[in-house]
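Engineer: After the sequence you'll find the predicted model.
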Amino acid sequence: MVTSESLQLHSPGLLLLPRENRDQKLELSSYEVPTNKRVIVNAWAINRDPRYWVEPEKLYPERFLDCSTDYNGNFFQFIPFGAGRRICPGISFVLTIVKLTLANLLYHFQCELPSKGIDMNERFKTSRTRETTPHLDLIPVLYDVAP
Ligand code: HEM
């Protein structure tokens with residue numbers, strides 16, 4: 001739920017890789033795509049589209065509770081890794097690393113927000129990053145080690 005919501009709300013990729021129409025003139029919804037013209041899918045805008053998301057700008061991980069929508073390229077309203085033949089091949093790798101890191105952080109530390117809060121402003125470059133590096137206060141949790 002938390003990783004899905006992060007990818008919905010703060011996905012690093014904004015635009016998918018460009019595709020070119022190699023066929024005859026193509027019709028996509030009400031748009032005509034001439035031959036040899038490029039199409040760039042704006043994944044960021046799709047993630048913010050209220051036709052597909054309830055309160056898309058709100059941090060609301062529960063939206064993925066009892067919901068079959070996933071990021072594997074089968075649901076076109078949620079394509080943080082793209083879709084089709086050029087879908088990101090790093091999905092399994094990156095999600096394993098993210099979940100492992102998160103689980104370790106939560107197991108070993110108690111996380112607290114700094115008193116001045118966290119700057120959630122973002123910067124748009126090739127990928128999306130934070131304006132400033134966010135800092136959480138991490139307090140180590142000490143567990144009794146069996147003798
Ligand atoms: C959170 C992390 C990541 C995100 C959000 C992400 C997202 C994406 C997106 C949106 C695309 C374009 C897909 C399309 O146009 O349909 C892509 C392509 C690609 N990604 Fe990732 N990616 C991530 C991590 C990784 C990692 C860790 C690797 C490698 C270990 C990787 C390797 C690639 C490669 C090689 C492509 C190009 C695939 C092609 O052109 O056929 N990605 N990724």
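Structural biologist: In hand now; what should we look at?
Engineer: near the ligand, which residues of this structure show up?
Structural biologist: Residues of the chain lying near the ligand by C-beta under 6 Å from any ligand atom: 11-13, 16-17, 80-83, 86-90, 93-94. All C-beta spots, glycine's among them, are computed from the backbone N, C-alpha and C.
Engineer: Show the buried residues in those.
Structural biologist: Buried residues within the residues of the chain next to the ligand, counting neighbours by 16 or more other C-beta atoms under 10 Å: 11, 13, 16, 80-83, 87-88.
Engineer: Could you pick out the longest helix of the chain?
Structural biologist: Identified as the longest helix of the chain according to DSSP state H is helix 91-108.
Engineer: Can you tell me which helices and strands whatever helix or strand comes next after it packs against?
Structural biologist: Sequence order places strand 109-112 as the next helix or strand after helix 91-108, per DSSP states H and E. Counting by 3 or more C-beta pairs under 8 Å, 6 or more residues apart in numbering; DSSP states H and E, the packing neighbours recorded for strand 109-112 are strand 137-140.
Engineer: quick one: strands adjacent to the strand it packs on?
Structural biologist: Taking DSSP bridges as the criterion, strand 137-140 sits next to strand 109-112 (antiparallel) in its sheet.
Engineer: can you give me how far the helix or strand that comes right after the strand it pairs with is from the chain middle?
Structural biologist: Using DSSP H and E, the next helix or strand after strand 109-112 towards the C-terminus is strand 122-124. Shown here is strand 122-124, whose average C-alpha point lies 14 Å from the average C-alpha point of the whole chain (C-alpha atoms, centre = their mean, to the nearest Å).
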